[in-house]
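Engineer: From the sequence below, what's the structure:
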Amino acid sequence: MRQPKVIALAAAVAGALSAGSPAAAAEWPWCAELAGDNGGGGTNCGFASWEQCQATISGIGGWCYPNPNYREPAPRRRERRQR
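Structural biologist: Numbering: from 1, shown residues only. Take a look at the predicted model:
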């Protein structure tokens, strides 16, 4: 039973490390507050969906919440072609 917890924790850590800088962490709309043994844990704001966040905390504990720093990307402007 311990192996799924280790895999989920490794995935959460990999997601946090791949974010790079704090600015990159703000690009994703969902965060997970991870539970840990002996009060250890952490926050990972690298989830594109609530379901992805829920899958990560499954088995290790924690909760998901909207990223307060997330800003939706501006709509892409269509360029007009010159004729």
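
Engineer: tell me the secondary structure for Ala55?
Structural biologist: helix (DSSP: H, G, I helix; E, B strand; the rest coil).

Engineer: all strands of this structure, in order?
Structural biologist: 30-34, 42-47, 62-66 (DSSP state E).

Engineer: and the ones you listed as JSON lines, adding distance to Arg78 and mean neighbour count?
Structural biologist: Placement of C-beta: from N, CA and C, glycine included. Below are these laid out as JSON lines (distance: least, Cβ to Cβ, whole Å; neighbours: other Cβ atoms under 10 Å):
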{"stretch": "strand 30-34", "distance to Arg78": "29", "mean neighbour count": "21"}
{"stretch": "strand 42-47", "distance to Arg78": "30", "mean neighbour count": "21"}
{"stretch": "strand 62-66", "distance to Arg78": "29", "mean neighbour count": "16"}
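
Engineer: Which among these is found nearest to Thr56?
Structural biologist: Evaluated over these, closeness to Thr56 peaks at strand 30-34, with 5.7 Å, by Cβ to Cβ.

Engineer: Check which helices and strands that closest one is in contact with.
Structural biologist: Packing partners of strand 30-34 (3 or more Cβ pairs under 8 Å, 6 or more residues apart in numbering; DSSP states H and E): helix 2-18, strand 42-47, helix 50-57, strand 62-66.
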